[in-house]
Every structure is written in C-alpha cells, then in structure tokens.
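**Q** have a look; sequence and predicted model below, questions after that.
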Amino acid sequence: MLRNRRTKIVATVGPASSSPDMLRALYLAGVDTFRMNFSHGVQEDHARVHAALRALESETGRPIGILQDLQGPKIRVGTIRDGHFSVEAGETVRFVIEGTEGGRDAIPLPHPEIFASIAPGQDLLIDDGRVRVRATSVEGEHIDAEVIVGGVISNRKGVNLPGTVLNLSPLTAKDRDDLEFGLALGMDWVALSFVQRPGDLIEARALIGDRAGLLAKIEKPSALDHIDDIIALSDAIMVARGDLGVEIPNEDVPGRQKELVRACRLAAKPVIVATQMLDSMVASPTPTRAEVSDVATAIYDGADAVMLSAESATGQYPLETVAMMDRIIHSTEQHKLYRSIIASSAPGDEDSAPHAVAAAAASLAEAIGAVAIVGFTSRGTTAARIARKRTGLPILAMTPYLAVARRANLLWGAYSIRSPELHSYEDMVDSAAQALLAEGLAQRGDLAVVVAGIPFGHAGSTNNIRVIKVSA
C-alpha cells in the first residue's frame, strides 16, 4: 500500500470503526497504525479488533501497526450531595479524603497522594478546568481552597493538578492487567498515560521489555520539565494536547508542540500529534478551516504522524475523516513552501557516526536524483535515522522481523517490509533492488541509495552507504 504522502495517520478504533469491513476500509483510505484505547471497552472487544487487524494484515501482505493506549490513573472528586452544586469566585471550599456525599464544606477527593503532595498556592482544576480553585491550606486530611474560576462541581468530575507532582505510578492495577493482556496479544506499541518523570518510563520498561515499543504521552507540565530524559527512555512520543491544554495555558500549547516535534526529530524518535485535529467531523462530513490549518501546522512542524480520536472511534464519518486527513497531508506536503519549512527546522550537527552516515545518505540520494532510500534495519533505528532528515524521498525500511516492520509504520516517510535474512553484501544489494521493483518504488535503471549496518544484525550500527542502479 504505497501512500501518496510521508506523514502517517493513526486512527482510534471504537464502536464506529470496529467491524472488520470498516477496519479494512479505513486501512485502504490511509490509516497506517490503529490505536486501541483501553480507557473504553473490555478486553474481549479489543481482542476481536486485534484479530481482525491481523487477518487484514495477512490478506494485504502488509505489516500493520497496532497501538495499545493504557488508561492511566484517573483523579476524580467523589459523590456530591444532590449531584452538583455551584461555586463562585472568591468562595472557600474544602476537600476531604473520606466521605460519601459531600458539599462545598466537604468535597470528597479520595486520593491520599494529593493530600501528601499539594502545597498552598497550587491549583486544582475540576472538569477540564471549567472550575479552578487554589489551595490556601493543607492540614492532614483536608485541603481548604479559594475558588478562582467559578462554575458547577458535580459527581465524579476529573481533577487536574498542573503544579503538583504526585507520588503516583502511571500504571494502575487495571493498566497492569491490560498491559499483560495486550502484550500477550502482540501489541506493537504501548502508550503510557500520566507520565510525570523519567522513572515512570523505567517502571513501564521493566514490564514491557522488548515485547513492544514504549510511547510516552506528554500531557503533564512536569513531563515537559524532564522532556530530554523522557524522550531518551521512550521509543516514541505523543503530544497529547487535550490534557496538556488543560494543565498549561492554551496559548502555550502550539509552541510546546513545535518544541516536542523538534526534540523528537533530533533524537530520531517518532512523534505523534494528537487530540481534536478534525473534531467537528465527529458530527459533520466536513472539517472547519481552522482544523484543516491545525493538521497542516503539524505537517509543517515535521510530525511523524497525526492522530484521530473520537473522529474515527465514535464519529458519524470515520471513513470520510481518514480520507480528509489523507488529502490534507498530501496537499500540505506538495505545497511549494513545505520543503523549505521542513529544512529550516532540521537538526543541527550530527552527534554520532550512525546519525552522520544516515544524514550523508539522505543528502547523497537527493544530490544524485535517487528515487528512494533503502534502510536495512534490525530494530528500526537505521530507518529512524534516515527519516530524521525528512528528505522528499520514500524510505524502504527492510527488516527480517515482522514486529519491527509493524512499528516502522509510525516513522515519517517509511514504507516497511519484511526481508530475508542477509548473509553477505551482495545479498543486501540484490534484495534492495528486487524489493524496490516489487514495491513499485523504482524502475530498472533508476538509482537508489542503500544504508545498512555491517556486520548485519547488529542493532544501532548504521555505518555503510551504497549507491545502486536498480536492475534484475
């Protein structure tokens, strides 16, 4: 399935898109990786979707990536007397650890880690920030707070604490159960919610090992404070603009998005931009102009992938939404200013020999008019290093490992396939030429650049460039 674009599409599966026929239609329309949101549904539902996607993979002969998104901790107020009450700016309210039916003088907040971590002057945001209160005193099992932005507080509404780092694992008991279930199925990626510090990634990695790629969702201000270490410990990053936009000022989100995309590109780690990209298409067959511009901005930023959430999971027009996303990406990448904008945000000096080899291969391919770059890769790192340069050429990522081919679907510009085991330099050249012809990326007589690590099978050893003339 050759796409007419370099940026990838991630689509969330839900009630609107979980049937085998719809999954097939979405794949053909442009989805590269499917996201399964474990905040919703039950394990049996996810198992059926996973089986349908693997059957589709067998039917098409193309590796398909599947991302498991874990729910993470959910911090909520408890039950409110009469279901809800209103507060106004300047009022004082009290939060308590215990209590079954609270009011303004005793709002249940059954999360001891908050009482152990919050300090006076720090804010609590209720219901996605619709109500904002500021702690004035913290004593034992109650928190007194002044209402800064009034509104309605009702049962089980979510609470965000942007200025507080909680002593709380990102993996709940439910997440651990879901994680083992997903790994047993064969998920390609695991997305970790509520990442606050680098140690959260170490905890998750101990459970996942090398069974799946580890993706950190950036949705907490504290994660931004440690972003370089978090990127280093992750295999990929998601800019989760929904929760991030609650916890930092909305006007700061676009700049943070650009910083995160650039940092991931520098580290050769794929980055997904997510949340409300075509949100109006949940109920409309066409997006707003602002949404189209938002998607295009992520493409100009150099994101590896853009993601659909409710648009494809529960919306009325999942197929039309994917097709629209595909058209926006293609149009943006074809614009006359695209290449210059992407080049202006390129990483600086190459910080390692493997990065320098991949960068030289990309420059060489463009200079000689090559039709494609072939990257032989055992863990995906060679392909990622080539993708880091964002050339205008397709990257044929060849690997003997199906799991690596599936994960490479998330990389900018990468077209991944399984290759036979290589035993010699001549095998590499012959396999590259045959694959380019078979996949329709080249014709006989075309030039291509081949990048690999010698000796074969040693991960991270990108050290060889070869120019080949495609022949059979």
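**A** Cool, got the structure.

**Q** so residue 256, which of the three states?
**A** helix (DSSP: H, G, I helix; E, B strand; the rest coil).

**Q** for it, what are its contacts?
**A** If a contact means CB atoms under 8 Å, 6 or more residues apart in numbering, then residue 256 has 224, 239, 244, 248 as its contacts. Heads up, the C-betas are built off the backbone N, CA and C, glycines and all.

**Q** check the residue located most distally from the centre of the chain and give its pLDDT.
**A** Among the C-alpha atoms of the chain, the one farthest from their average position, using CA atoms, centre = their mean, is that of residue 105, at 40.9 Å. In the predicted model, residue 105 carries a pLDDT score of 89.

**Q** now it: closest residue in space that isn't a chain neighbour?
**A** The shortest distance from residue 105 to any non-neighbouring residue, by CB to CB, 6 or more residues apart in numbering, is to residue 94 (5.5 Å).

**Q** after the particular helix or strand that has residue 450 in it, which helix or strand is next? Please name it.
**A** Residue 450 is part of strand 447-453 when elements are defined by DSSP states H and E. Beyond strand 447-453 on the C-terminal side, the first helix or strand identified by DSSP H and E is strand 462-469.

**Q** mind giving me the packing neighbours of that following strand?
**A** The elements that strand 462-469 packs onto, with contact taken as 3 or more CB pairs under 8 Å, 6 or more residues apart in numbering; DSSP states H and E, are helix 353-367, helix 381-387, helix 425-438, strand 447-453.

**Q** could you dump those to a markdown table with mean pLDDT and distance to residue 71?
**A** Compiled in a markdown table, the helices and strands packed on strand 462-469 are given as follows (pLDDT from 0 to 100; distance: least, CB to CB, whole Å):
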| stretch | mean pLDDT | distance to residue 71 |
| --- | --- | --- |
| helix 353-367 | 92 | 36 |
| helix 381-387 | 93 | 28 |
| helix 425-438 | 91 | 40 |
| strand 447-453 | 93 | 38 |
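
**Q** pick the most buried one from the ones you listed.
**A** Of all the helices and strands packed on strand 462-469, helix 381-387 carries the top mean neighbour count, a mean of 28, counting by mean count of other CB atoms under 10 Å.

**Q** what sits up against the next helix or strand after it?
**A** Moving toward the C-terminus from helix 381-387, the next helix or strand (DSSP H and E) is strand 395-399. For strand 395-399, contacts defined as CB under 8 Å, 6+ apart pick out 372-378, 380, 382-383, 386-387, 405, 408, 411, 413-419, 431-432, 435-436, 439, 441.

**Q** which of those residues are buried? Put it as a PyMOL command.
**A** A single PyMOL command suffices to select whichever of the contacts of strand 395-399 are buried according to 16 or more other CB atoms under 10 Å:
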select buried, resi 372+373+374+375+376+377+378+380+382+383+386+387+405+408+411+413+414+415+416+417+419+431+432+435+436+441
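
**Q** low-confidence stretches in the stretch 301-450 of the chain?
**A** By pLDDT under 70, the low-scoring segments of the stretch 301-450 of the chain are 349-350.

**Q** if you set the cut-off to 80 instead, what comes out?
**A** When the per-residue scores of the stretch 301-450 of the chain are filtered using pLDDT under 80, the ranges that remain are 347-351, 422-423.

**Q** that older thread, which SS class is the residue nearest to residue 105?
**A** Secondary structure, three-state DSSP: residue 94 is strand.

**Q** try residue 86
**A** Taken by three-state DSSP, the conformation at residue 86 corresponds to strand.

**Q** can you get me a residue count around it?
**A** The burial metric for residue 86, expressed as a neighbour count using other CB atoms under 10 Å, is 12.

**Q** ok, which of the helices and strands packed on strand 462-469 comes nearest residue 85?
**A** Set against residue 85 and scored by CB to CB, these come closest in helix 381-387, at 51.8 Å.

**Q** run the chain-centre distance for that closest one.
**A** A distance of 17 Å separates the C-alpha centroid of helix 381-387 from that of its chain, computed with CA atoms, centre = their mean, to the nearest Å.
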